[in-house]
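A.B. asks: mind looking at a prediction? Sequence and model below.
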Amino acid sequence: MIPRPALVPLLWAALVGCPREGVALETSPSEILTSPGRFDGKAVTLTGVVANVRKRLSRDGNPRYQFELSDGKRPITVLAGGKFTCHPGDPVVVDGRFQRVKREGRYTFFNEVEAMTIGCR
């Protein structure tokens, strides 16, 4: 039998859900930017609209894409590699990992999502 005080956290987790390690948190760009510390280093799933797409090349010469993903309130920067077939104005779903601060060599980036998959609708 489980002691009565121990039941409260178990019941709470059952009612509101408890994200497991490795499970993406479904959220929005504005929610992440309102509480970036809560999402730092976590896998996230975001929906929004693509804007300001920029193509770059990595040091290895591979294509990289940077774009803004907006939920109509605030945009967040998303980085993606490989082939990018979405266009500005397209609604998309992004699965990736949010980083509050990312350092690459002498550069420091803030509040970015490194995309693992992007689904254009």
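C.D. replies: On my side now, so go ahead.
A.B. asks: can you show me the strands along the chain?
C.D. replies: 25-27, 43-57, 63-70, 75-81, 91-104, 107-120 (DSSP state E).
A.B. asks: just checking, what packs against the second one?
C.D. replies: Where contact means 3 or more Cβ pairs under 8 Å, 6 or more residues apart in numbering; DSSP states H and E, strand 43-57 is packed against strand 25-27, helix 29-34, strand 63-70, strand 75-81, strand 91-104. The way it works is simple: take the backbone N, C-alpha and C, and place the C-beta from them, glycine included.
A.B. asks: again, only using 6 Å
C.D. replies: Counting contacts by 3 or more Cβ pairs under 6 Å, 6 or more residues apart in numbering; DSSP states H and E, strand 43-57 packs against strand 25-27, strand 63-70, strand 91-104.
A.B. asks: same question, the last one
C.D. replies: With contacts defined as 3+ Cβ pairs under 6 Å, 6+ apart, the packing partners of strand 107-120 are strand 75-81, strand 91-104.
A.B. asks: any idea how far that strand is from the chain center?
C.D. replies: Here strand 107-120 is found 7 Å from its chain centre; the criterion is Cα atoms, centre = their mean, to the nearest Å.
A.B. asks: number of residues surrounding the closest residue to residue 121 other than its chain neighbours?
C.D. replies: The spatial neighbour of residue 121 that comes closest, neighbours along the chain excluded (Cβ to Cβ, 6 or more residues apart in numbering), is residue 91 at 4.6 Å. Around residue 91 there are 13 other residues, counting by other Cβ atoms under 10 Å.
A.B. asks: what about residue 91, distance to residue 32?
C.D. replies: For residue 91, the distance to residue 32 equals 18 Å [Cβ to Cβ, to the nearest Å].
A.B. asks: now swap in residue 96 and tell me
C.D. replies: 11 Å.
A.B. asks: sorry, back to before: can you name the residues bridging to the residue nearest to residue 121?
C.D. replies: Residue 91 forms beta bridges with residue 49, as assigned by DSSP bridges.
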